[in-house]
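In: here is a sequence with its predicted model. Questions after.
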Amino acid sequence: MVRMLRPLTRAVTYTRWLHLLVAIVWPSLWLFIQDVWWTQATAAVLLGLAGLVPATRLVEGFQARLLLTGRRHDSENERAEIVATPSVTWADRGRTVVWLEARLVLGWIVAHLSVQLPLLAVDLLTTGLGQGPAADGYLSVEEHHWWHALLAPLPLLLLPVIVVWSGHLITALAVRLLGPSPAERLAAMEERTEQLLERTRIARELHDSIGHALTVAVVQAGAARAAGDPAFTDRALGAIEETGRAALGDLERVLGVLRESGKPVSSRPTLADADRLLESARASGAKVDAEVTGSVDTVPGPVSREGYRILQEALTNVLRHAGAVPVRVRVHVCDDTLVLAIRNPLTEPIPGPGRGSGLRGIRERAALLGGLARTGPDDGDWQVHVELPLS
């Protein structure tokens with residue numbers, strides 16, 4: 001019983017009822033002109049012509065969101081159900097016309113029953129008590145029928161059922177007729193995909209930048225404690241400070257993208273800033289032998305930015321797993337390919353598959369750019385070899 005009465009406690013039940021009553025306000029004005037059938041037909045025709053106006057879909061969609069859904073008008077699920085945008089195609093206009101006519105017909109029915117059912121209950125009660133029915137009532141009997149009084153509550157019980165049912169029906173029609181078209185669904189899906197890709201990229205940015213800074217700090221702090229040399233300790237603290245500042249700068253850029261979705265990514269580091277990574281690795285004790293062939297300034301922005309992150313992750317893995325070992329870094333830029341090769345001696349057992357996300361991130365970055373990445377042991381060394389197309 002409580003479950004059956006629950007819809008009557010929800011505000012959206014009554015806003016849906018109001019939505020249907022509002023639909024007949026304008027056509028009802030024609031009844032003051034002349035109460036004949038063709039005036040109502042004219043109102044229906046004019047309403048259909050209004051549906052061909054692109055802005056009508058915007059107004060109807062906003063009104064349906066506000067009164068029918070029972071949620072915030074800017075919620076994500078609501079946007080997926082009912083759109084509040086002008087009509088673009090003739091199919092959108094046609095669906096808007098059907099919506100207006102269906103809302104008008106259902107509104108007339110619900111408004112009529114909302115008035116007549118209480119009047120019917122009054123007639124049943126008065127005839128049940130031995131009084132005559134109203135002159136314009138439903139009942140025309142003159143005799144006393146006591147059992148009419150027992151039937152009087154039925155119209156009043158039927159009214160909330162009609163209100164709830166009609167609310168569900170008009171909401172389903174709104175989703176069907178004011179919902180997004182296939183083209184709009186495709187555009188929304190593409191936008192959602194772009195958002196997911198951007199979140200994945202941001203997660204990789206945070207992993208690479210913060211992971212690199214923490215690795216350098218840990219290595220430097222451990223080396224300074226083991227060395228017991230005040231001069232070395234000062235250099236280590238300086239390297240930790242510099243790496244921390246760089247990580248904070250990267251963090252601010254990444255968070256800026258989260259705060260401002262339209263913010264350009266041109267401020268992100270590129271291969272032109274690779275010297276900062278190499279110096280950070282050298283300051284951590286690694287003997288870095290770097291060779292750059294070609295001009296990294298000619299590398300397209302997206303490739304250069306992802307190349308920087310790949311190099312950063314590779315050096316982070318060296319410091320984390322191998323420590324202060326010789327590292328050979330080769331950056332080769334030719335006409336149509338960027339080659340990154342990082343090699344270092346193996347100093348510990350090869351980790352099993354699936355451990356960590358750094359190498360997976362390198363492969364994902366290369367795949368997104370249409371390139372190839374090879375990671376693993378090679379002739380006693382650990383290698384990271386990445387080829388990225390420049391076109």
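Out: Yes, it's here.
In: got the contact list for stretch 223-235?
Out: Here stretch 223-235 makes contact (Cβ atoms under 8 Å, 6 or more residues apart in numbering) with Ala236, Leu237, Ala283, Ser284, Gly285, Ala324. C-beta: built from backbone N, CA, C; applies to glycine.
In: grab the nearest non-local neighbour of the third one.
Out: Excluding the flanking residues, the one nearest Ala283 by Cβ to Cβ, 6 or more residues apart in numbering is Ala239, at 3.6 Å.
In: Gln220 is in contact with that neighbour, correct?
Out: Yes - here Ala239 reaches Gln220: they are 5.2 Å apart, a contact under Cβ atoms under 8 Å.
In: shared neighbours, those two?
Out: By Cβ under 8 Å, 6+ apart, Ala239 and Gln220 have these common neighbours: Ala283, Ser284.
In: widest-spaced pair of the contacts of stretch 223-235?
Out: Of all pairs drawn from those, the widest gap by Cβ to Cβ lies between Leu237 and Ala324 and measures 17.0 Å.
In: for stretch 319-330, buried residues please.
Out: In terms of neighbour count (16 or more other Cβ atoms under 10 Å), stretch 319-330 has its buried residues at Leu319, Arg320, His321, Ala322, Gly323, Ala324, Val325, Val327, Arg328, Val329.
In: want to throw those into CSV with secondary structure and pLDDT?
Out: As requested, those are exported to CSV (DSSP: H, G, I helix; E, B strand; the rest coil; pLDDT from 0 to 100):
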residue, secondary structure, pLDDT
Leu319, helix, 80
Arg320, helix, 78
His321, helix, 78
Ala322, helix, 78
Gly323, coil, 75
Ala324, coil, 77
Val325, coil, 84
Val327, strand, 91
Arg328, strand, 92
Val329, strand, 93
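In: of those, which is the nearest to Gly179?
Out: Arg320 (50.8 Å).
In: so what's the closest one up against?
Out: Thr215, Val219.
In: how close does it sit to Leu214?
Out: From Arg320 across to Leu214, the span is 9 Å (Cβ to Cβ, to the nearest Å).
In: go on, Ser166?
Out: 61 Å.
In: Phe62 too?
Out: Phe62 is 49 Å from Leu214, where distance means Cβ to Cβ.
In: again, but for Pro160
Out: From Pro160 to Leu214 the distance is 63 Å (Cβ to Cβ).
In: hmm, back to that, just the buried residues from the contacts of stretch 223-235, in ChimeraX please.
Out: This is the ChimeraX syntax for the buried subset of those, where burial follows 16+ other Cβ under 10 Å:
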select :236,283,284,285,324
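In: quick one: low-confidence parts of the stretch 51-200 of the chain?
Out: Judged by pLDDT under 70, the stretch 51-200 of the chain has its weakly predicted residues at 70-80, 130-145, 186-188, 190-191, 193-199.
In: same thing but 80
Out: Residues of the stretch 51-200 of the chain that meet the criterion pLDDT under 80 lie in 70-81, 123-124, 126-149, 182-200.
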